[in-house]
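Colleague: what would the 3D arrangement of this be:
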Amino acid sequence: MRIRRLDLIRYGKFTDHTIDFGERTKDTPDLHIVYGPNEAGKSTALAGVLDLLFGIEMRSPYGFLHSHPSMRLGAALDLTTGEREIVRIKRPQNSLLDADDQPISEAVLRGDLGGIDRESYRTMFSLDDDTLEAGGESILASEGDLGELLFSASAGLADLSHRLGDLRTEADSFYKKRARSGELGELKSQLDALKDERTKIDTLAARYAQLVGARESASSRYEETIAVRGRIQSRIDEIQRLLAALPRLTILRAVREKLAPLASLPEATSGMVEELTTLQKDDIELATRSRSATENIDELASDLEKESVDDVALRLADRASRLPDLRARHLTAAKDIPERRLQIREADAAITGILRRIGREDEADPARLVLRTSVVGSLRELIESRSGVTSSRQSAEGEVSGARRRLDAAREKLEAAGQGTGTTSYTDASVAGLATALATLRADDHDVRLRLADRALTSHQETLATRLRGLTPWIGDPLQLLDMAVPDKFTVERWKADLSTARKTVERHQQEVERLASDQKHLTAELDALEAVAGVITDYEAGTVRAAREQAWAEHRRKLDKSTADVFEDTLRRDDLATNARFVHVNELARLHQGLQAAAVLGSDISRAEEFLEAAKTHFQSLNDEIAEAFLRIAPGFQGDTSPERLETWLGSRALALEALSTVRAAERDRDAAKADGAAVCDRLKAALAVAGVSQDPNASFEALVALAQALVDRASEIKQLLRDLEDRQRQFADRERILEGATADDQRWTSEWTAACSASWLGDQGTRSVAEVREILSAIGDLGSFIEKKSALADRVTKMERDQADFTAEVVRLADGLSIAAQQSASLDLATVIENRIREAETARDRRLVKEQAIQIAKERQRDLADAIAIHERRKGELLQFFGVSSLQDISVVLQQLERRAALGDEADSAAADIMNAVGSPTLDEAERSLENTDRVALETEAAELKGRFQDQDQRSRELFTEHSKAADAVSAIGDDDAAARIEERRRTVSLEIEEKAVRYLKLRIGAAAAEQALRMYRDRHRSSMMAQASKAFHTISRGNYRGLATQPDRDTEMLVAVSADGGSKIASALSKGTRFQLYLALRVAGYHEFASSHRPVPFLADDIMETFDDFRAEEAFRLFTGMANVGQVVYFTHHQHLCDLARKVCPSVTIHELPQMPTSLYLVENSRQVA
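Modeller: Alright, predicted model coming up:
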């Protein structure tokens, strides 16, 4: 995959911006630098590439300028299927579109990406400061493990060591040998605790029934006591309510007496108080405004009578409005007429001067001398072309003379050459064949090839001899190596793997045999100790005693005498003792039986393990024999190291020797071919000389033959060239004569056109004039027409200005007569000022009168509105006075205060009535009053005092019964009369299942970690050669030779990565300094990219200013590494450092630099998906 063009359409701070990477140039590194100042959007562009390939993230931080739904990216990509236009928008599904905005499958990109996801791509092919530092820390965390470093470099798993460590930690947290704590131990403790808890609650049924009866009896007594206490409390509360209601009845009756005088007042609405306040305020305000309105109208009428208007001046106002324009024209004319008359005189002087220059001082009509444009154009064209016509004719004459001289010289050279040779036969086919032979000879490089082949053959023969010496113990003809039957690379790799597996198998079985033997010794000692315990009777001993008893019984039955009876009694006693001893030591006996069974099983396991060990040793030896047989086929009688590594080394030396043999044979073929080509060329040259009729020495050297042939070819070529020169000179002379004839005809044609042009105007009045004279006349009369037109325009302007002055004066006199103002001719401007002032004063007086008339009209309208408002006010005032039956608004205020007092007393009475009904519990107030009238207050207080004493006794009794009932209930609950035991058993089984599941998880983690470590070892073995070579070379380059490269060092079951310094010292990777670890990680990443590209189609590699901490020298070497990567795939480096661009050009002159524009600096904060600028 390659990015041909990146379109940042609406993304981050970019809008319709394109970075065009162009097509890949063949045989040049595909290296690009994206340069821009700080905040120009370099990191945004890099993030845009990732979002383009894998989709815009749900909470993208680049939606601050364009809203998330409008974000859009585009690109032109070079894929395996060809160039493809794609578009990426922000959408949960179907976000990848084609050029027509139609959804396409993500598989279009995933195939060329090799199936990797965003995080893998970011780690493998996208570097920045964070990933570089994380890579350095991963080297530290891996402690230099070669497998992890190589795998993380090529697979992009920078935190592989952390992941493996997490797996081990998780497994150890469950169980770790000889550890005091662990999750398994905690779960086992839970099982023990649950067992104890179940034992506690497991009680007999009789005891349980007794406890339940005690609990029920205590509950019954407690409930009875609580009921009695409740009834006493209820009666006490009732008495308290009745005692509290008696004062409220007294208050109710007093309130009723106060309400009686106020019952006849009318009911007022809620808004009457506010309305009364408004009416009182409006009453005063309307009276004041009425008096003010009347006084204002009288004052305005008086002022209007004092104003007088000049009606005559107002009638002339429209005519007087023209005076400012007429005055401006009058003043302009008075100022400009003298200047215009001076300009007329200047124009007359200029016209006179022009006439004098052309000798026409007596011309009555100067306008006649102005030529038409067609005449002037023709004359100027002829004047301009005259010099060209003359120079063409003179040049043609000179060229004819020169051509004639060159033609004579060519004839003389040809005659001289003909006298020297006497023949021109060198131009025939024989000389042509000789020239062809010479050209072929020069094109042939057999002599150079011969020298190079001799030199290469000597060098390759020395190399072959050196490499053959490295094939000991084999000795023989190098050609025998070609037909030698040797194992291939895969067979050797299989042998190595099989030997390693077989060796580990032998070791594993050996350890198993040793472990089983140790267990057998331990078990035998335990059985011996059990048998040595006093009183323990084994099955064999018990069987012997029982057999003796049966034999004695059979003997006793047969004889039935005292001796057999005594023997039978003795054996019977011994049998009873043995049986009793077995019952007493039943546990030890069971352990003994189990031990014997385990010993039998262990013996079988040992035999089986020894068989496996022997089979593994046999297989291991057969592999060694197979490898040794391969060595014997190569070198019969070989003795020494027959390891597959030694065989692999010898096969590598053989491959190098075969390579050297191939180069020697190729050099010999090149030498023989060069010699044969030289002989063939020499024969062709001799044949060509013979065809040309040239005698030659049979023993002449190759160089002498070449010199003779070259001399003949050069002589023939010289005569042919002289003939061609003579033909060219003759042709040139004829061409020059034709050009001279044309130039002469052009000169004659110009002369006739000149005479005709002069005759078409007054220039021909005195015959044909010369070119110089006409040129000067045209120059002199060029401005004549403009001066004549200027003079005419000035005279017309003066006439118009004088007319404007007359119009102004006449209009002023007419207006003065209309206003009866005495007019004087010499004071027209002053008179105009007087007229304008008179009219302006009349207009001012008119405007003042109009303003006062409008004010009077407005005042009268306001007075009418006020009268309407007063009428409405009086009508509403009368309605209220009539409603309350009073004569003034002040009286209404008194009535309203009495109504407020009545409402307050009514509320107080209602509250007292409600309290009384609630206390007595009667639905009506009358019943409640009758009930309270029959109540004896003293009797109620006496009864309340007695009930309080009884309540305290019952309360104390209820507390004691509650304590007794709680204890009985707790005793029953502690036993668990429900499914508590079942729940405990369920919890125990749950813990057991959890132990089982976590044990399976533990085994998976242990086996998985072991498998991962084994895979790392296999990956290390498979990729060590190629990736180590790449990484070592890259590390040497970026460290500028401070480190010679990388090496490996065995460490238990792994290999450690070691950095070899220039002075021969070495450090493991985890012991390097922080900066050097960064460089090592970059070298591993470069090697990983080459490894990925060797088996996949390369993808773009992106880096964002990772060289900020590098000095210029290391940055230069880093660019050298990037150039090597760019020979494989596309590499894009983002930076804001100009000097890095210069370093990149120095390292890779073909680098392409793309500059980002400086954008407006705005601070955008993204908080909770909101933009704050």
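
Colleague: would you map the helices across the stretch 701-850 of the chain?
Modeller: Along the stretch 701-850 of the chain, the segments classed as helices by DSSP state H, counting those that start in this stretch run 702-759, 771-780, 784-818, 828-884.

Colleague: so which of those helices is nearest residue 439?
Modeller: Residue 439 lies closest, by CB to CB, to one member of these: helix 702-759, at 9.5 Å. In this view, the C-beta of every residue, glycine as well, is placed from N, C-alpha and C.

Colleague: that closest one vs helix 771-780, what angle?
Modeller: On the basis of axes from the mean of the first three to the mean of the last three CA atoms, to 10 degrees, helix 702-759 is oriented at 60 degrees to helix 771-780.

Colleague: before we move on, the earlier item: among the helices of the stretch 701-850 of the chain, which gets the worst mean confidence?
Modeller: With a mean of 72, helix 771-780 has the lowest mean pLDDT of the helices of the stretch 701-850 of the chain.

Colleague: name the element residue 76 belongs to?
Modeller: Per DSSP states H and E: residue 76 is located in strand 72-79.

Colleague: who does that strand touch, helix- and strand-wise?
Modeller: strand 2-11, helix 42-54, strand 82-89, helix 107-110 (3 or more CB pairs under 8 Å, 6 or more residues apart in numbering; DSSP states H and E).

Colleague: adding distance to residue 795, write the ones you listed out as a markdown table.
Modeller: Formatted as a markdown table, the helices and strands packed on strand 72-79 follow (distance: least, CB to CB, whole Å):
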| stretch | distance to residue 795 |
| --- | --- |
| strand 2-11 | 71 |
| helix 42-54 | 76 |
| strand 82-89 | 77 |
| helix 107-110 | 88 |
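
Colleague: rewinding a little: okay if I get the helices of the stretch 701-850 of the chain as a markdown table plus mean neighbour count and distance to residue 189?
Modeller: Converted to a markdown table, the helices of the stretch 701-850 of the chain look like this (neighbours: other CB atoms under 10 Å; distance: least, CB to CB, whole Å):
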| stretch | mean neighbour count | distance to residue 189 |
| --- | --- | --- |
| helix 702-759 | 15 | 105 |
| helix 771-780 | 15 | 126 |
| helix 784-818 | 16 | 123 |
| helix 828-884 | 15 | 94 |
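
Colleague: tell me the secondary structure for residue 22?
Modeller: Taking DSSP: H, G, I helix; E, B strand; the rest coil as the rule, one finds residue 22 in the coil state.

Colleague: which ones are touching it?
Modeller: Going by CB atoms under 8 Å, 6 or more residues apart in numbering, residue 22 touches 4, 1152.

Colleague: give me phi/psi at it?
Modeller: Dihedral angles of residue 22 (phi, psi; degrees, to the nearest 10) stand at phi 70, psi -180.

Colleague: and the gap between it and residue 1007?
Modeller: 52 Å (CB to CB, to the nearest Å).

Colleague: kindly report the same for residue 127.
Modeller: Residue 127 is 35 Å from residue 1007, by CB to CB.

Colleague: cool, and residue 218?
Modeller: 62 Å.

Colleague: neighbour count winner among these two?
Modeller: Using other CB atoms under 10 Å, the more surrounded residue of residue 218 and residue 1007 is residue 218, with 19 against 11.

Colleague: isn't that one right up against residue 958?
Modeller: No. Contact criterion CB atoms under 8 Å: residue 218 and residue 958 do not qualify, at 11.9 Å.

Colleague: now do the domain split for the chain, please.
Modeller: 1-25+37-115, 126-179+1000-1100, 183-204+979-999, 206-261+903-975, 517-633 (automatic domain parsing).

Colleague: now mean pLDDT and distance to residue 838 too, for the ones you listed, in CSV please.
Modeller: As requested, the domains of the chain are exported to CSV (pLDDT from 0 to 100; distance: least, CB to CB, whole Å):
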stretch, mean pLDDT, distance to residue 838
domain 1-25+37-115, 89, 70
domain 126-179+1000-1100, 72, 91
domain 183-204+979-999, 75, 118
domain 206-261+903-975, 77, 79
domain 517-633, 77, 140
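
Colleague: I'd like those as a markdown table, with distance to residue 432 appended.
Modeller: A markdown table is the format used below for those (distance: least, CB to CB, whole Å):
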| stretch | distance to residue 432 |
| --- | --- |
| domain 1-25+37-115 | 45 |
| domain 126-179+1000-1100 | 56 |
| domain 183-204+979-999 | 100 |
| domain 206-261+903-975 | 131 |
| domain 517-633 | 66 |
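
Colleague: can you check which of these gets nearest to residue 841?
Modeller: domain 1-25+37-115 (68.1 Å).

Colleague: how far off centre is that closest one?
Modeller: 10 Å (CA atoms, centre = their mean, to the nearest Å).

Colleague: stretch 633-642 now?
Modeller: Worked out by CA atoms, centre = their mean, stretch 633-642 lies 63 Å from the chain centre.

Colleague: and residue 1103, which of the three is it?
Modeller: Classified using three-state DSSP, residue 1103 is strand.

Colleague: I'd say it and residue 125 touch.
Modeller: No. Look at residue 1103 against residue 125 with CB under 8 Å: they stay out of range, at 9.3 Å.

Colleague: about what we covered before: which one of the helices and strands packed on strand 72-79 lies closest to residue 27?
Modeller: strand 2-11 (15.6 Å).

Colleague: could you list the buried residues of the closest one?
Modeller: Within strand 2-11, the residues that count as buried by 16 or more other CB atoms under 10 Å are 2-4, 6-11.
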